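**Q** need a structure here:
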Amino acid sequence: QVQLVESGGRLVQPGDSLTLSCAASGRTDNGIVMAWFRQASGKEREFVAGISRGGTATLYLDSVKGRFTASKDDAKNTMYLQMNSLNFEDTGVYYCAGRRPGVLSILRGPSSYDYWGQGIQVTVSS
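**A** Next up is the predicted model:
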């Protein structure tokens, strides 16, 4: 089993930057594929960014490319999402997710992920 805990969400203004963290524990010895999803009120959960087991490959939602950066610190078993130039459409509950150990692909579908954090609110408002 893998446990995921997000932190860093808060209220920010348009144009601000924010970094989310996701601390992983449990069966993560060889690294797992991890991702960030978000869900705005009344909308489906959408893939935002994903990162490979070793942290060398990433995948992004088109609307966040160039603004968001996913990274990992294996020594701390933590994944990050650096978010710059935030806008109103970035508002939502952000979830950290992980695939089961042994799989390699970063996928966009929520059903491909086996472990989920509790979610954390990010609000962009003026």
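**Q** Name the nearest residue to the most centrally placed residue in the chain, ignoring sequence neighbours.
**A** Nearest to the mean C-alpha position of the chain, by CA atoms, centre = their mean, lies W36 at 2.1 Å. Nearest non-adjacent residue to W36, counting by CB to CB, 6 or more residues apart in numbering: V48, 4.4 Å away. No exception for glycine: its C-beta is placed from N, CA and C like everyone else's.
**Q** Check the secondary structure at the residue nearest to the centre of the chain for me.
**A** strand (DSSP: H, G, I helix; E, B strand; the rest coil).
**Q** In contact with it, which residues?
**A** 20, 22, 47-50, 70, 79, 81, 94-97 (CB atoms under 8 Å, 6 or more residues apart in numbering).
**Q** quick one: contacts for the residue nearest to W36?
**A** Shown in contact with V48 (CB under 8 Å, 6+ apart): 35-38, 60-61, 64, 68, 81, 94.
**Q** Give me the phi and psi for it.
**A** phi -110, psi -50 (degrees, to the nearest 10).
**Q** re the thing from before, nearest to Q118 among the contacts of V48?
**A** Among these, Y94 lies closest to Q118 (CB to CB), at 10.7 Å.
**Q** any idea how far that closest one lies from L104?
**A** Per CB to CB, to the nearest Å, Y94 is found 24 Å from L104.
**Q** coming back round to it: closest to S126 out of the contacts of W36?
**A** Y94 (19.9 Å).
**Q** in the chain, which spans are strands?
**A** With DSSP state E as the criterion, the chain has strands at 2-7, 11-12, 18-26, 34-39, 46-51, 58-60, 68-73, 78-83, 92-98, 115-116, 120-124.
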